[in-house]
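could you look at this predicted model? Sequence included:
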Amino acid sequence: MKIFKFFFCVLLSSQVFGQTIVDLSPGAATIGTTTTVIIRGINSNFKNGQTVADFGEGILVQNPINVQTPTMAAAVITVLQTAAPGFRNVTVTTGSEVITKPNGFEVFTISGNFKALLEIVPYETYNAADFDVTNISSLPILFFVNLINDNQSREVNIEVSLSTQNYGKVATLSVKKNLQPNQQERISNRNFEKITISGSQGSGGYAFADEVRRLGQFPPDNYEVELVVKDKDGSVISTDKGNSVVSNPFFNPELIAPGNEFWMNPAIIYTEFPLFQWFGQNERYDFVLYKVLPGQTAEEVVRNIHVFKQENITGNSFQYPAYAEQLIDGQVYAWQITGKVITSRGVIQLPSQVFRFIYQKPADQTGRGRRVARIEVVPSQAQIPAGSQFQFAVNMFDQDNLPIGNRQPQWRVVPANMGTININGVFTAGINNGTAAVIAMDSGLQDFATVTITGGAVSGGGGRIPDWKVELLMKQLFGIQNR
C-alpha cells in the first residue's frame with residue numbers, strides 16, 4: 001500500500017543527502033558548568049527513550065536525551081573539572097543511526113580569553129502577533145548571548161545578524177555593554193537597542209518584511225544567526241553563529257483514509273489492521289481511535305474514552321498494531337489526528353477533522369456476488385500547470401483480483417484549496433503552486449494520486465511596505481523598543 005507523504009519547499013541545502021548535525025546551541029561551555037545544548041539535525045530520526053549523545057571525555061550527558069522532533073533534541077550536559085579545553089566531536093546515536101559533528105563543541109576556562117556564545121531558541125514557527133513591543137516582558141525570546149569577560153574591563157559592541165537562504169542578510173541588531181573584569185552576563189534579543197535593516201526596497205530585509213506582513217509570520221526558510229563582538233576600537237574579539245529552521249507547519253492535518261466525514265455514510269473496511277493516512281506538515285502527531293455510539297456527532301465522539309491512542313508519530317501514516325484492542329465486527333469507529341507545533345508561545349495542538357468507518361470481517365464469499373476488494377487511481381502521479389485540468393481514472397478489482405466495471409467512485413482533493421475534481425475524475429488545479437492528493441473512494445476502500453502544481457502564485461500581493469513602516473515592523477519582530 002502506498003504511503004502518503006508530501007515534501008514542501010523549505011529547502012535547507014541542495015547538497016545534503018544523509019543524516020547531518022547542522023547546529024549545536026550553545027556550541028561551547030565553561031569547565032564546571034551544567035547547560036542544555038539544543039541539537040539540530042537534517043534527515044535524522046531522533047527518538048525519545050532511544051537517542052543518546054556523546055560529547056567526549058570529561059562531559060557527562062543525561063542520556064537518553066530529550067527529543068522534541070525527529071530533527072531536534074535537547075541534551076543536558078555537565079562539563080567536569082577534568083575536561084580538557086578545546087574542541088571535540090559530538091556523536092548522536094539512535095539505534096543503528098550514528099551521526100557525528102566533528103569539532104562540534106568547545107570546552108574553555110573562564111580564566112582564558114574573552115568569549116561570547118550564541119544560543120538560538122528553537123521554534124518551528126514565529127508569529128508576528130506574538131511580538132508586542134508595548135509589553136517587552138511578553139516578547140518571545142529568539143536568542144541569548146552569553147558574555148564571559150577576561151581579567152580586564154571592557155566596552156564592547158555586540159552585533160547579531162540574521163540571514164536567510166531566500167532573502168540573504170535581513171537585519172543586524174546591536175547594543176553596547178560595559179563589562180567588569182571576569183564578569184559574566186547573559187542577554188537576549190529583548191536587550192538590544194538598535195536595528196539596521198539590510199538591502200533596499202524589494203530585497204533583503206525589506207522583501208523579508210513584505211513576506212512577514214503577507215503571511216503574518218516568519219516565512220519558512222533556513223535561518224543563520226551570526227554573533228560578532230567588537231571592542232571600543234572596532235576590533236573583533238569574539239564570534240559565534242548558529243542555524244535555525246522555520247517551517248511554519250501551522251496547518252491542521254487533513255485525513256485521507258480510512259473512512260469519511262460524519263455527513264457521509266460510514267465507509268466499510270474489511271481489514272482488522274487498517275493503515276491510517278493523513279496529510280500534514282508537522283513533525284509529530286497523536287492518533288486516537290474511538291467507538292461511535294448511536295446518534296453521536298463528531299464533536300461528541302471525541303469526548304468518549306478512546307479505544308486506542310498513539311502519541312508522537314513521526315510520519316503521515318500509522319498501521320493499527322496487533323497488540324491494540326481488536327476491532328469488533330459491525331462496530332462503527334472514529335479516528336482523529338492532532339499535529340503538534342513548537343511555537344514561541346509553547347506547543348500548539350492542531351486537530352484534524354474526524355473520520356468514521358464500520359469494520360466488517362471479510363465474509364465467506366461462497367454463493368455471494370462480487371465485491372470491490374481493491375481500487376487503483378491512475379496515473380499515480382501527475383505534474384500540471386496551475387489552473388489547468390487533468391483526467392484521472394480508477395481501476396477496481398474484486399476479491400479474485402478481476403476487474404470490475406461500471407462503478408463510479410467518490411472523489412475528493414486534499415488539501416481542498418489546491419483544486420477541485422468532478423464526478424468523472426477531471427481535476428482542475430488551483431492558482432497556487434504545491435502538492436495535493438486526488439483521492440478515490442468506493443466500498444470503504446481508497447487510493448490516491450499525487451499531483452504537483454507548477455507555474456502558479458508563490459506569494460500574494462498587497463504591495464510593498466514604506467521604509468518607515470518596515471523599520472517599525474522589524475523592531476516589532478526582533479523586540480527592539482522605540483527609544
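Cool, the structure landed.

what pLDDT does the residue nearest to residue 425 when sequence neighbours are not counted get?
Of all residues not flanking residue 425 in the chain, residue 392 sits nearest, at 4.3 Å (CB to CB, 6 or more residues apart in numbering). C-beta coordinates here come from the backbone N, C-alpha and C atoms, glycine included. For residue 392, the pLDDT comes out at 93.

how about residue 392, what does it touch?
By CB atoms under 8 Å, 6 or more residues apart in numbering, the contact list for residue 392 reads 377, 378, 379, 382, 411, 421, 425, 426, 427, 438, 440, 449.

which secondary structure state is assigned to residue 213?
helix (DSSP: H, G, I helix; E, B strand; the rest coil).

I'd say it and residue 473 touch.
Yes. Between residue 213 and residue 473 there is a contact at 6.8 Å, judged by CB atoms under 8 Å.

pLDDT of the strand or helix carrying residue 22, averaged?
Residue 22 is part of strand 20-25 when elements are defined by DSSP states H and E. The average pLDDT for strand 20-25 rounds to 83.

over to stretch 242-261?
Averaging pLDDT along stretch 242-261 gives 76.

please state the offset of it from the chain centre?
Counting by CA atoms, centre = their mean, to the nearest Å, stretch 242-261 is centred 8 Å from the centre of its parent chain.

how about stretch 264-275?
Relative to the centre of its chain, stretch 264-275 is centred 30 Å away, using CA atoms, centre = their mean.

tell me the buried residues in it?
Buried residues in stretch 264-275, defined by neighbour count with 16 or more other CB atoms under 10 Å: 266, 267, 268, 269, 270, 274, 275.

and which of the residues you listed is nearest to residue 335?
If you rank the buried residues of stretch 264-275 by distance to residue 335 using CB to CB, residue 274 comes first, at 9.1 Å.

from residue 355, how far off is the closest one?
Residue 274 sits 11 Å away from residue 355, going by CB to CB, to the nearest Å.

next: residue 209.
41 Å.

number of residues surrounding the residue lying closest to residue 98 once chain neighbours are set aside?
Take residue 98 and drop its neighbours on the chain: the residue closest to it by CB to CB, 6+ apart is residue 91, 6.4 Å away. Look at residue 91: counted by other CB atoms under 10 Å, it has 17 neighbours.

just to revisit the earlier point, show me the contacts of residue 392 that map onto strands.
Counted as lying in strands by DSSP state E, out of those, are 377, 378, 382, 411, 421, 426, 427, 438, 440, 449.

weed out the non-buried ones from the residues you listed.
377, 382, 411, 421, 427, 438, 440, 449.

the second one contacts residue 448, doesn't it?
Just to be clear, that refers to residue 382. No. Between residue 382 and residue 448 there is no contact under CB under 8 Å: 11.6 Å.

distance to residue 108 and pLDDT for the ones in strands among the contacts of residue 392 - can I get that in TSV?
TSV is the format used below for the ones in strands among the contacts of residue 392 (distance: CB to CB, whole Å; pLDDT from 0 to 100):
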residue	distance to residue 108	pLDDT
377	59	91
378	62	92
382	56	91
411	62	89
421	61	90
426	66	91
427	60	92
438	57	89
440	61	88
449	56	88
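
on that earlier part again, so which of residue 213 and residue 473 has more stuff around it?
residue 473 (20 against 17).

and the pLDDT at residue 92?
95.

just residue 6 next, same as before
Looking at residue 6, its pLDDT stands at 39.

ok, the one 4 residues further on next?
Per-residue confidence (pLDDT) for residue 10: 34.

next one: residue 180 relative to residue 451, how far apart?
Distance, residue 180 to residue 451, by CB to CB: 63 Å.

likewise for residue 309?
32 Å.

cool, thanks, talk later.
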